[in-house]
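Undergrad: make a model of this:
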Amino acid sequence: MKAFLILEDGTVFTGTSIGSTKDMISEIVFNTSMTGYLEVLTDPSYAGQAVVMTYPLIGNYGITPDMESRKAWPDGYIVRELSRMPSNFRCEGTIQDFLKEQDIPGIAGIDTRALTKILREKGTMNGMITTNENYNLDEILPKLKAYTVGDVVSKVTCDEKYVLEGNGPKVALMDFGAKKNIAKSLNERGCEVTVYPAGTKAEEIIASEPDGIMLSNGPGDPETCVSIIEEIKKLYNTDIPIFAICLGHQLMALANGVKTYKLKYGHRGGNHPVKDLTNNRVYISSQNHGYAVDGTSIDPKVAKEAFINVNDGTNEGLAYEGKNIFTVQFHPEACPGPLDSGYLFDRFMDMMKGAK
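TA: From the prediction side, this is the model:
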């Protein structure tokens, strides 16, 4: 069946329908990872977006147990070529069947690199995937321009708190769309991890007397998370060590008067170099974000830059003055490099021990 990807600038790509055949309108973003497509599909940070995979062959090892959350989150999936015969000893099914099960529409057989060049030159834009060959551009384009991602954190967070048992430090993990491997990375280091829904009040977290607090990744514009930012201000005012990743990093910055802004086309992939300014070493990082912290708006009395992106110089992390708080924009739990930035979890463990 034919499918069409229509961008808000009027560009139309024609390909083959994969997954669900329903119409979809979303923000179109691209990911440069060569592997890890299942982790991309199950990353809650993609809620409200459709993902273009720039690597041309997707699905060659099928669907494996490597899920980062309970379901797939992107609104749509866009690939050059989808493997029809996956081969892997852990394979549990095809990506086509997975997309159908998850009711995610997609399109294959288009020039994803030409599409990515458009998104790089013009910036991230909205688009539609449809199987309707009689589509009307005059009707569709105003709908595309009107689309906004909106409040997606409330859609991806857990419904109620739960605990991963451990014999070590007690960590409160705020779930703004947390990938499973964040809790797992802490749990493997012996931590007892209690995962809290995004709307949990700071008073409840503080009353549980955790040894540390983790603020997770998540989707959407950080500035829309007004009530969450207010709770983070209360957490900041305690002496509890805090480690934050991605959206959590942005929310902690906003809670302290630092500004955020939307990047032209975001950072999404498994090969972004970041420099740790404490030791001048460069690490390969996995990233997935469309917004960034404005490094020029940081009050040096509040925080200092701890990491920067080697490619474009944007902020990748902050260390807060006089506080046991550090935050990163990238994903140390995502095993890029493959273990380049896992030491950040060890740094958090040391912070919790030192705070006792």
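Undergrad: report the buried residues of stretch 67-81.
TA: 67-69, 72-81 (16 or more other Cβ atoms under 10 Å). Yep, even glycine has a C-beta here, placed from its N, CA and C like the rest.
Undergrad: can the residues you listed go into TSV with extra columns for distance to Glu92, pLDDT and secondary structure?
TA: Output for those, formatted as TSV (distance: Cβ to Cβ, whole Å; pLDDT from 0 to 100; DSSP: H, G, I helix; E, B strand; the rest coil):
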residue	distance to Glu92	pLDDT	secondary structure
Met67	10	90	coil
Glu68	16	93	coil
Ser69	17	93	coil
Ala72	14	96	coil
Trp73	19	97	coil
Pro74	20	97	coil
Asp75	24	97	coil
Gly76	23	98	strand
Tyr77	18	98	strand
Ile78	23	98	strand
Val79	20	98	coil
Arg80	24	98	coil
Glu81	21	96	strand
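Undergrad: just those residues now: which is nearest Thr278?
TA: Nearest to Thr278 among the buried residues of stretch 67-81: Glu68, at 28.6 Å, using Cβ to Cβ.
Undergrad: look up how far Gly177 lies from that closest one.
TA: Distance of Glu68 to Gly177, given as Cβ to Cβ, to the nearest Å: 10 Å.
Undergrad: between those two, which contacts overlap?
TA: Residues touching both Glu68 and Gly177 (Cβ atoms under 8 Å, 6 or more residues apart in numbering): Pro44.
Undergrad: which element is Tyr261 on?
TA: Element membership for Tyr261, per DSSP states H and E: strand 260-276.
Undergrad: after that strand, next one along is what?
TA: Beyond strand 260-276 in the direction of the C-terminus, DSSP H and E gives the next helix or strand as strand 281-293.
Undergrad: buried sites along that following strand?
TA: Of the residues in strand 281-293, Tyr283, Ile284, Ser285, Ser286, Gln287, Asn288, His289, Gly290, Tyr291, Ala292, Val293 count as buried by neighbour count, 16+ other Cβ under 10 Å.
Undergrad: nearest spatial neighbour of the first one, skipping sequence neighbours?
TA: Right, the one you point to is Tyr283. Using Cβ to Cβ, 6 or more residues apart in numbering and skipping residues adjacent in sequence, the residue nearest Tyr283 is Asp340, 4.1 Å away.
Undergrad: likewise for the third one?
TA: Closest residue to Ser285 apart from its sequence neighbours, by Cβ to Cβ, 6+ apart: Phe330 at 3.7 Å.
Undergrad: the stretch 1-150 of the chain: strands as residue ranges?
TA: 2-7, 12-19, 24-31, 49-53, 57-58, 76-78, 81-82, 105-108, 125-130 (DSSP state E, counting those that start in this stretch).
Undergrad: with only the CA atoms kept, save the lengthiest helix in the chain in CSV.
TA: Longest helix of the chain, by residue count under DSSP state H: helix 343-355. These are the backbone C-alpha positions of helix 343-355, laid out as CSV (Å, rounded to 0.1, in the frame of the first residue of the first chain):
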residue,chain,number,x,y,z
TYR,A,343,31.1,6.7,35.5
LEU,A,344,28.5,9.4,36.1
PHE,A,345,26.4,6.9,38.1
ASP,A,346,29.5,6.1,40.1
ARG,A,347,29.9,9.8,40.8
PHE,A,348,26.3,9.9,42.0
MET,A,349,27.0,6.9,44.3
ASP,A,350,30.1,8.7,45.8
MET,A,351,28.0,11.9,46.3
MET,A,352,25.4,9.9,48.3
LYS,A,353,28.1,8.3,50.4
GLY,A,354,29.8,11.6,51.0
ALA,A,355,26.5,13.2,52.1
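Undergrad: identify all contacting residues around that helix.
TA: 168-169, 171, 185-186, 189, 191, 211-212, 214, 239-241, 243, 324, 326, 328, 332-333.
Undergrad: can you point out the buried residues in the strand holding Tyr261?
TA: Thr260, Tyr265, Gly266, His267, Arg268, Gly269, Gly270, His272, Pro273, Val274, Lys275, Asp276.
Undergrad: which pair in these spans the largest distance?
TA: Largest separation among the buried residues of strand 260-276 by Cβ to Cβ: Tyr265 and Asp276, giving 24.9 Å.
Undergrad: thank you kindly, that will do.
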